[in-house]
Structure formats: structure tokens, C-alpha cells
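In: Provided below are the primary sequence and the corresponding predicted coordinates.
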Amino acid sequence: MAHAAPITRPDRKAYLVGGGIASLAAAAFLIRDGNVPGCNITVIEESGVLGGSLDGSGNSTDGYVLRGGRMLESKYLCTFDLFASIPTLDGSQTVTQETFAWNETMKTSSKARLVSNGERETAPRFGLSEGDILTIERLALVPESMLGKTTIADQFDPSFFETNFWFMWCTTFAFQPWHGAVEFKRYLVRFAHMVSGFNCLHGIMRTVYNQYDSMVLPLRKWLDERGVVFAFNTRVTDLDFSGPEGARSVSRIVTEHMGYEAEISVHDGDYVLVTLGSMTEGSDLGGMDRAPLLKGKSAGGAWTLWERLARDRPAFGRPEVFADHIDQSKWLSFTTTLHDPTFLRLVRDFTGNVPGEGGLITFPRSNWLASIVIPFQPHFIGQPEDVCVFWGYGLAVDEPGNFVKKPMSACSGHEIMTEILGHLRIEAEVAGIMDKAICIPCMMPFITSQFLPREPGDRPQVIPKGTTNLGFMGQFCELPDDVVFTVEYSIRSAQAAVYGLLGLEREPPAVYQGKFDPRVLFKAYRALHDLQVA
């Protein structure tokens, strides 16, 4: 997609703190829309890998690892605008073209969204009461300011949390009852157009491979070709500011590399864009015979940097709102590599879905509230034909399992697989499956921290008030209408930050507003009442 770009000073530089999708997107927008030379852009990443939460690693011998998987849908306008400019690795088409074409071939249509007592439910009824529906409608209409820091549990009767609607909603999006009602409301409105097909996961889109291989690698290649500089294993520990109050500019970036402190001078006209916080900070991997550890915010530099920046600077937000409640933001995922097709064959026959078609399978009677996803195979570039991969996670990680009487957080990969096989009522083939399986659990202490109850000002603006050359990006800055815990939010924040800092006379595409479409509202109304949608 061609864009007319403004003329900028050729010596202006941009420093992007963090190597996640927000920074990679910002670099692309700086080049494509801001006419900033790629060689003038430096991405500073504390690890040795790009992609942030859009990760994909490992191999068939030691086991593949996916900390998480983000769903896509057709109204992710900023995401598809960006990737309409990024060729696939083979250069045959753009990533956007590939993704839409793939989802015409492999449409998500679950025939086993919920599995209870070894029985699948196809298109489960929502099971909402009239009171539940009225509360949902009220939340969709009420201003956010009236909800304040209330939780989802503050808004609904306890019976709501035993409905099929809640089991499907909370596992699709990873909500907990104690999460903020404001975020729940935003999701209701943002995905109103998907409610009618929600019990079959209609409209959810996937990439051909995992999102690291299908999105991060092509974007990295495009940036490499344009000379973007990547500073790996470098942690940003502080930013220094200069200038008068109300017009402060970042003048110095303090870094740490290999145990040595260094600094980068930021000159007049340069830009600094910082990805605030991290939902995957402190992640820890276990193995088939060991459980992962629960770490804290000191395990990395993202939260520490935000806390330092926000000290005595109210416009920079309140990181403690999101970082200091690990018991309310943690859960555990797992990636299983299989050197035998038996498991996938049994799940295919049981669910009626081939790999890649069914999406999330949730066990609502699981004490862990566990779910699994069987993606299309291969899920990794270079994955051998005789190897399969699937992913899963649990929301209630401190509860003892139904088949393994231990909290999920204390379980090894072997024990997690035992629990999953139990819910699927797979018994005769257990030994053969286990013998050829590598299950790697991953504990993530901050994975849903962005959902925690918040107030205005807890998340800073993309261009913080009183600064001249600083932009914030990622899941912990404020964007009206859009929803956190999505790839779209990170990319939208990057686009807004770049356009705002460069003073471009353009804005990111407006957030899709299905709530204003009578057809969307009619279908959602009928679905909420368990009426067949025409």
C-alpha cells in the first residue's frame, strides 16, 4: 500500500525501547509514512529475540514453545493496514493478503467449543437470564466514567459466572471475575459483530503458521532490508529529560549491556518511543518433569523502567496498578510437541474438526478452567511432517486438578498432559501418547495485568502531556474505544504515537463500531437470547 510521506530531516533519529510488535510496527510506520530512513531507527531490546509476546521458539527435538496465541479478526484495521505493506517471507504476496486468503480456506467453525464429562457441545446455548442480558446491555451503553474501578463481579449476579456464555467469553479473552468492568464493557462493544457466532468461534482468524513465523519474521525481514538497527541484550534503565516544564524532551537514554552502563544522547528533533510494561515479563518455562517458577517484576526491566519514569510524573501513568497484583494477573500456558499422530487423530474424531478449524476447546468443569487449541499443522516453519504441536492454558492455576490433585501452577508437563487426557476421556492410548510427548508449561505472572481495574490516568496517553519527543506504545497506554490484550492495540498505539510525534496530518483507521449497525445489534440480541440467527 503506497502512502505519500512527508519530507523530514535526514539526520533525525528514532529510538524504540522494546522489541515487541509495537516497536516493530512503529519502525515500519516511521519508514512508510514518516519518510524516516531505516538506518536512523534503533530498536533497543533487552533480550536476544524480537517479537515480545508474539513469540514462537524451540524445535521438534526439545519441544516447541508458544507462550500464547492472539486471535485476529477482520476488523483489526491497523494490523491489516500495516501488513498490507509487508511481503511474506517468500515475497509472493503481502502478509495481509496471505492471512485473508488462508482464512477463506480454513474458516474457524468449532463443533466442540465446550467439552464436559467427555461429551462435546456443538453451538452451546449461552444460558443467560434476562437479568444477565439486561446487565450486558446496560454495560454496553453506560459511560466508562460511571463504572470506575468496579469489577465484572460487581456488575453481575453470581449465577452469571456459571453460564456457558461466561465460560466461552472468559476463556476466549482470558477474563476473570475480578477484572475491570470497563475492559469487559469495551470488549462487549468492540466485538459486538462477533456475538452471533461466538459459540462456534465464527469470525476468528488465524495466520498460516504461528504469529512469530507469519508476522514477526516477515516484518523483521522488511525492516532489515531498510537498514533498521537492532540493539539486542540491551536494557534501558532510565530516560533523562531537559527543557522547561510543560515542554520536556528526552535528552539521554541510559542503557545497560553485558553489565556495563552506557548512554545514548538524544538530540533536538530525535524521537523516543517506549513500550510500557510487559504482559510476558518474568515468564518461566518448566518441562515434562518440572513445574515453572512464579517470578516477579524484577525478573526483567520493563516494569522497573516504567516505575522509574512515572515517579513524580503523573502524566506517565501508574504502573503499580498493573504490576503489583500478580495473584490476579497470572495464568499458565503449555505447548505440547507430539512425535505421534494418535492424540490429534483422537481429538479430530471426537470434535469433528480437523486441526486448524475448531479453535479453542474449553473444559468448563475443569477445576483449572483449562482450554486447548489444535492449530493447523505444521504450526512452525520447518516443523517435520511427523511432528504435531498444540497449545493450551488454564485460568484457575491455584486449584487442584480433577485428575491430578495438584494446583496447575505446581504441575509438570507430564501432569498437565495427564489432566488434559482425563478431560478428553482418553485412556487406552495414554501410555503411547505420553511416551512421544514433550509438554512445556509456562507461568506468566503479568499476562492479564492490563485487565485489572483502573481509573483515568492509570494508563498514560500515547503522547504524554508536557513532553515534546516522547511516545508511549503497547498494552498499557490509553487508546479510546479499542481493547487491550490484542495485536491490534499494540499496532494502533504505535501508529498513533508515530503520527502524533511526527505531526503527520493523518490518523490511524477509526476503530470499527459495530454497535451502530442495526444488523449487528439484531443478531447479537437474538444470540444473547439463544434464538436462532437468520
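Out: Received, thanks. As the structure is a prediction and not an experimental result, all values here were calculated from the model.
In: rest of the way, CA atoms for contacts and neighbours
Out: OK.
In: Next one: residue 458 from residue 110, what distance?
Out: Here residue 458 is placed at a distance of 38 Å from residue 110 (CA to CA, to the nearest Å).
In: okay, the two: which has more neighbours?
Out: residue 110 (26 against 20; other CA atoms under 10 Å).
In: Give me the nearest residue to the more buried one, chain neighbours excluded.
Out: residue 358 (4.1 Å; CA to CA, 6 or more residues apart in numbering).
In: One more: residue 18?
Out: Distances taken as CA to CA, 6+ apart place residue 45 nearest to residue 18, at 4.8 Å, with adjacent residues excluded.
In: OK, contacts around that neighbour?
Out: 17-19, 230-235 (CA atoms under 8 Å, 6 or more residues apart in numbering).
In: what's around residue 493, how many residues?
Out: 31.
In: What sits closest to it if chain neighbours are left out?
Out: Leaving aside its chain neighbours, residue 493 sits nearest to residue 473 (5.1 Å; criterion: CA to CA, 6+ apart).
In: Any figure for the gap between that neighbour and residue 479?
Out: According to CA to CA, residue 473 stands 10 Å off from residue 479.
In: Looking at the two, which one has more neighbours?
Out: It is residue 473, of residue 473 and residue 479, that has more neighbours when counted by other CA under 10 Å, with 34 against 20.
In: Bridge partners for that one, pull those for me.
Out: Going by DSSP bridges, residue 473 is paired in beta bridges with residue 275.
In: tell me the pLDDT at it?
Out: If you check residue 473, the pLDDT there is 98.
In: From what I see, it and residue 462 are in contact.
Out: Yes - Residue 473 lies in contact with residue 462 (CA atoms under 8 Å); the separation is 6.3 Å.
In: any residues in contact with both of the two?
Out: Residues touching both residue 473 and residue 462 by CA under 8 Å, 6+ apart: 493, 497.
In: and the residue lying closest to residue 124 once chain neighbours are set aside, which of the three is it?
Out: Once flanking residues are discounted, residue 124 sits nearest to residue 199: 5.9 Å by CA to CA, 6+ apart. Assigned by DSSP: H, G, I helix; E, B strand; the rest coil, the conformation of residue 199 is helix.
In: ditto for residue 446
Out: Classification of residue 446 using three-state DSSP returns coil.
In: And residue 241, by the same measure?
Out: Assignment for residue 241 (three-state DSSP): strand.
In: So what's the residue count around the nearest residue to it once chain neighbours are set aside?
Out: Leaving out its chain neighbours, the residue that sits closest to residue 241 by CA to CA, 6+ apart is residue 250, at 4.4 Å. Neighbourhood size, residue 250 [other CA under 10 Å]: 21.
In: which strands and helices sit next to the helix or strand hosting residue 250?
Out: Residue 250 is part of strand 249-257, with elements assigned from DSSP states H and E. Other helices and strands packing on strand 249-257, by 3 or more CA pairs under 8 Å, 6 or more residues apart in numbering; DSSP states H and E, are strand 234-242, strand 260-265.
In: switch to 10 Å and redo it
Out: strand 234-242, strand 260-265, strand 271-275 (3 or more CA pairs under 10 Å, 6 or more residues apart in numbering; DSSP states H and E).
In: The longest one pairs with which strands, and in what direction?
Out: Sheet pairing for strand 234-242, assigned by DSSP bridges, gives strand 249-257 (antiparallel).
In: tell me the contacts of the residue nearest to residue 493?
Out: When contacts are counted by CA atoms under 10 Å, 6 or more residues apart in numbering, residue 473 touches 16-18, 21-23, 26, 273-277, 460-463, 479, 489-498.
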